[in-house]
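Trainee: Predicted structure and sequence below. I'll ask about it afterward.
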Amino acid sequence: MSELTVVAEGGVTSSRGFVAGAARAGIRPDGRAPTGPRLGASLAGQAAHEGSDKPDVAILYSEAPCVATAVYTSNRLKAAPLLVTQKHLADGKARGVIANSGCANAATGEQGLRDAWEMARLAGTKLDLEPNDVVVISTGVIGTFLPVDKIASAVQAISLSAEGGGDFARAIMTTDTRPKHVAVRFDRFTVGGAAKGAGMIHPDLATMLAFLTTDAAVAPTFLAATLREAVDGSFNLIDVDSDTSTNDMVVVLANGLAGGDPIDEEHPLAGAFRSALTYVCQHLAREIVSDAEGATRLIETRVEGAASPADARRAARAVVQSLGVKTAVYGADPNWGRVLAAVGNSGCEMSADLITLWLSGPEGPDVCLYERGRPLAFDEAQARAVLHGREVRFRIDLGLGEGSATAWGSDLTEEYVRLNSLYTT
């Protein structure tokens, strides 16, 4: 299998033939942004984000037609731009993306649908495309109408370039403290991506948007199947606050400009493409959790020895979703019973007499807390030191089979409550 190489400062325009750009419309004139230090976010970086010059309208464009597909939020209250995008991607093709932050255009009725279509028309006019070749994305406050006139002015001001991927990633940020983007290469092909999300994050997608690009030619059926697999092993295994939003989607565009026969299940590079897409999705998913609203720690939960892969997913997700686990990690409290309780509440097959639980940081040491039905004596100071780290890992062996899964979450802090109690004010 071809090895993956990470592209320095890579993103959505690292793949051949993709250009992007962004401009400020002033959709939220207050320029609201988070104000507390966040896991992995420098104060200087946050100060830069909090400035009034942050772009909030962005365009991504491919110089060649693309095979395109997407996965969408499971929330039954779906936003207008998502509904428009579903129609535009029904033929499996797209060439442009227009996105805005500051207004979700959700729960906005017929006017919202008209406004979302108008965004597609504005981008289509600029890019010389039909509106149905444009994916439309919005994120921000639910229940407010888009200032379409401001967006129209911003679209005219956007300058597209191969260096515009960073501006694109910044423009889609809401309460994010930093842009999230990555790209990898395999053989002669590139897969790039950008995402946003910091709150209302829960498996089955979340308040997050992700845009993926590749210059590989990819068969439509294989692209759709590979995207679902990659999302299921990444974005569907993260949690911040158990809320699933109205606008979430992950879109992938493949323009084939690197040449070669379309990659499908039988292609020699099928496995390499699958690995590249999964790597990009998992990297962006971890970045979202690391930048969670108010977060000070990333929680990784690895479940092994489950009766099935589905059971492993249930257990891992339950641990990173548990408010009890989140608050214990925030307080550096080695209250490991909350982890086992979350597993027991997950619905997975389990026996208390077979479970073993370890706590560790990225560089160890592994602290065994519970082994096959019996609590163990452990060095509490050592456990607290691990819990004070920026990444806390739980490893759980259910002792029942071969199923395994890894999920990621964040701790829960007072800062999360403060941010979300003032979101619209």
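Mentor: It's in.
Trainee: mind giving me the domain ranges of the chain?
Mentor: Listed by automatic domain parsing, the domain ranges of the chain are 5-290, 298-421.
Trainee: so of these, which one's packed in deepest?
Mentor: Neighbour counts (mean count of other C-beta atoms under 10 Å) averaged over each of those peak at domain 5-290, with a mean of 21. (Each C-beta comes from the backbone N, C-alpha and C, glycine too.)
Trainee: partner residues bridging residue 57?
Mentor: Beta bridges link residue 57 to residue 23, residue 100 when assigned by DSSP bridges.
Trainee: Which of the domains of the chain comes out lowest on mean pLDDT?
Mentor: Lowest mean pLDDT within the domains of the chain: domain 5-290, at a mean of 91.
Trainee: how distant is that domain from the center of its chain?
Mentor: Centre-to-centre, domain 5-290 and its host chain are 10 Å apart (C-alpha atoms, centre = their mean, to the nearest Å).
Trainee: got the end-to-end distance for it?
Mentor: Between the opening and closing residues of domain 5-290 lies a distance of 23 Å (C-alpha to C-alpha, to the nearest Å).
Trainee: Neighbouring strands of the helix or strand where residue 358 lies in the sheet, and parallel or not?
Mentor: In this structure, residue 358 is located in strand 356-360 according to DSSP states H and E. Strand 356-360 has the following strand partners under DSSP bridges: strand 367-371 (antiparallel), strand 391-397 (antiparallel).
Trainee: Identify all contacting residues around that strand.
Mentor: 334, 336, 339-340, 366-372, 383, 386-387, 392-397, 399 (C-beta atoms under 8 Å, 6 or more residues apart in numbering).
Trainee: which other helices and strands contact the strand or helix carrying residue 110?
Mentor: Using DSSP H and E, residue 110 sits in helix 109-127. Here helix 109-127 touches strand 57-72, helix 80-88, strand 93-103, strand 134-141, helix 148-157, going by 3 or more C-beta pairs under 8 Å, 6 or more residues apart in numbering; DSSP states H and E.
Trainee: Let's see that with 6 Å instead.
Mentor: Applying 3 or more C-beta pairs under 6 Å, 6 or more residues apart in numbering; DSSP states H and E, we find helix 109-127 packed against helix 80-88, strand 93-103, strand 134-141, helix 148-157.
Trainee: roughly how far is the strand holding residue 358 from the heart of the chain?
Mentor: On C-alpha atoms, centre = their mean, the centre of strand 356-360 falls 27 Å from that of its chain.
Trainee: With stretch 388-400 instead?
Mentor: A distance of 22 Å separates the centroid of the chain from that of stretch 388-400, by C-alpha atoms, centre = their mean.
Trainee: Span of it from start to end?
Mentor: Length of stretch 388-400, first residue to last, C-alpha to C-alpha: 32 Å.
Trainee: Likewise for stretch 156-176?
Mentor: Using C-alpha to C-alpha, the end-to-end distance of stretch 156-176 comes out at 26 Å.
Trainee: which residues are contacting it?
Mentor: 11-13, 19-23, 34, 55-56, 58-61, 99, 101, 139-140, 179, 181, 194, 196, 198-199, 209, 291, 293 (C-beta atoms under 6 Å, 6 or more residues apart in numbering).
Trainee: Helix, strand or coil: sort out residue 243 for me.
Mentor: What DSSP: H, G, I helix; E, B strand; the rest coil gives for residue 243 is coil.
Trainee: contacting residues for it?
Mentor: By C-beta under 6 Å, 6+ apart, residue 243 lies in contact with 200, 202.
Trainee: Relative to residue 86, how far out is it?
Mentor: Going from residue 243 to residue 86 by C-beta to C-beta, to the nearest Å gives 22 Å.
Trainee: center of this protein, which residue is that?
Mentor: In the chain, the centroid-proximal residue (C-alpha atoms, centre = their mean) is residue 285; its distance is 4.2 Å.
Trainee: what's in contact with the helix holding residue 110?
Mentor: 59, 61, 80-81, 84, 96, 98, 105, 130-131, 134, 136, 146, 148, 152, 155.
Trainee: Run the angle between that helix and strand 57-72 for me.
Mentor: Per axes from the mean of the first three to the mean of the last three C-alpha atoms, to 10 degrees, the angle that helix 109-127 makes with strand 57-72 is 120 degrees.
Trainee: Just the C-alphas of helix 109-127, formatted as CSV.
Mentor: Output of helix 109-127 as CSV, limited to C-alpha atoms (Å, rounded to 0.1, in the frame of the first residue of the first chain):
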residue,chain,number,x,y,z
GLY,A,109,-39.0,28.6,6.3
GLU,A,110,-39.6,29.4,2.6
GLN,A,111,-37.5,32.6,2.8
GLY,A,112,-34.6,30.5,4.1
LEU,A,113,-34.8,28.2,1.1
ARG,A,114,-34.9,31.2,-1.3
ASP,A,115,-31.9,32.7,0.4
ALA,A,116,-29.9,29.5,0.2
TRP,A,117,-30.7,29.2,-3.5
GLU,A,118,-29.7,32.8,-3.9
MET,A,119,-26.3,32.0,-2.4
ALA,A,120,-25.9,29.2,-5.0
ARG,A,121,-26.9,31.7,-7.7
LEU,A,122,-24.4,34.3,-6.5
ALA,A,123,-21.5,31.8,-6.4
GLY,A,124,-22.6,30.3,-9.8
THR,A,125,-22.6,33.8,-11.4
LYS,A,126,-19.1,34.5,-10.1
LEU,A,127,-17.7,31.1,-11.1
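Trainee: oh, and call the first residue 287 from now on, that's how I've got it
Mentor: That works, and once the first residue is 287, the last one we named lands at helix 395-413.
Trainee: Let's have the strands paired with strand 642-646 in a markdown table, adding distance to residue 630.
Mentor: Output for the strands paired with strand 642-646, formatted as a markdown table (distance: least, C-beta to C-beta, whole Å):
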| stretch | distance to residue 630 |
| --- | --- |
| strand 653-657 | 12 |
| strand 677-683 | 11 |
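Trainee: and the gap between the residue nearest to residue 494 when sequence neighbours are not counted and residue 594?
Mentor: Of all residues not flanking residue 494 in the chain, residue 483 sits nearest, at 3.0 Å (C-beta to C-beta, 6 or more residues apart in numbering). From residue 483 across to residue 594, the span is 29 Å (C-beta to C-beta).
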